[in-house]
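**Student:** What would the 3D arrangement of this be:
(one chain, ligands or ions: 1)
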Amino acid sequence: MEDTEDMEEREGLGELDARLTDCRACPRLVDWREEVARTKRAAFADQEYWGRPVPGFGPHDASLLIIGLAPAAHGANRTGRMFTGDRSGDVLYRAMYDVGLASRPTAESADDGLTLHGTRITSPVHCAPPANKPTPEERDTCRPWLVGELRLLAPRLRAVIVLGAFGWQAALPAFAEAGWTVPRPRPTFGHGARVTLDGGAAPLDLFGCFHVSQRNTFTGRLTPEMLRDVLRDAASAAGLRPDGPAEGAGAGGAS
Ligand code: SF4
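**Tutor:** Have a look, this model is predicted:
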């Protein structure tokens, strides 16, 4: 049974997510996300696009957080759920399933039944940007949402994976604002980078991982094995014990 603290955290995060979906603070991104939702890609012409800020996905008591970059125009901006409905998500969720962090290896729509084990996924910019490139000003405008999410997750949060240099640069100030101590000079991003941030409710293990973008995965810069290794290390640091496809996840084990 949930205790009072549990309930407050869940309701707090639910409230934050609900408020986020109404945000219109970045005029360029509001225009873009809504224009994409109107014009659509031909393959999805019969679908209703989400066309709004995309909230974090995963349990309110997650001990592991994955931070990406921003929603994809025809992925999360269409489906309304992080990394859902695009090639980057195919790679990420497949790897999460392989190490036991996701209940299924694919993510097609917000109502496909996918659940995450002890893990939440979010991004430093919550609206789809043109060419996948938010401006520094948009990144900074969106930071309070990430800070708010980190504060609500802080009591249970023990590890974070940041996908790519943009997310790393965006997340470090957010960790500092949320109560952790970020070393000076700031730690440098790299695949396999690992830094422990003190302060906050408990120390936080921060892991760097190349982004799951097609540019990285198609060229082999980021292989499924590299991604699984980071996920396993971070899950272990977060006190999760995933060692294969999540229970009840059906066929399709580690590859
Ligand atoms: S990017 Fe963030 S701050 Fe800007 S409109 Fe979207 S949710 Fe609001």
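
**Student:** Could you list the low-pLDDT ranges of the stretch 1-150 of the chain?
**Tutor:** Counting by pLDDT under 70, the stretch 1-150 of the chain shows low-confidence ranges at 1-8.

**Student:** Pull up the residues of the stretch 101-250 of the chain that are close to the ligand.
**Tutor:** Proximity of the stretch 101-250 of the chain to the ligand, by C-beta under 6 Å from any ligand atom, involves residues 125-127, 138, 141-142, 145. Using the backbone N, CA and C atoms, a C-beta is placed for each residue, glycine as well.

**Student:** try 8 Å this time
**Tutor:** Neighbours of the ligand within the stretch 101-250 of the chain, by C-beta under 8 Å from any ligand atom: 125-127, 129, 134, 138, 141-142, 144-145.

**Student:** Among those residues, which lie within helices?
**Tutor:** 138, 141-142, 144-145 (DSSP state H).

**Student:** Separate out the buried members of those.
**Tutor:** 138, 141-142, 145 (16 or more other C-beta atoms under 10 Å).

**Student:** Which of the ones in helices among the residues of the stretch 101-250 of the chain next to the ligand sits closest to the ligand?
**Tutor:** Taking C-beta to the nearest ligand atom as the measure, the ligand lies nearest Cys142 of those, at 3.2 Å.

**Student:** need the helices for the stretch 101-250 of the chain, in chain order.
**Tutor:** 136-153, 165-177, 214-218, 224-237 (DSSP state H, counting those that start in this stretch).

**Student:** on that earlier part again, got the ones in helices among the residues of the stretch 101-250 of the chain next to the ligand as JSON lines, with distance to Asp229 columns?
**Tutor:** What follows is those, written out as JSON lines (distance: C-beta to C-beta, whole Å):
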{"residue": "Glu138", "distance to Asp229": "32"}
{"residue": "Thr141", "distance to Asp229": "34"}
{"residue": "Cys142", "distance to Asp229": "30"}
{"residue": "Pro144", "distance to Asp229": "33"}
{"residue": "Trp145", "distance to Asp229": "30"}
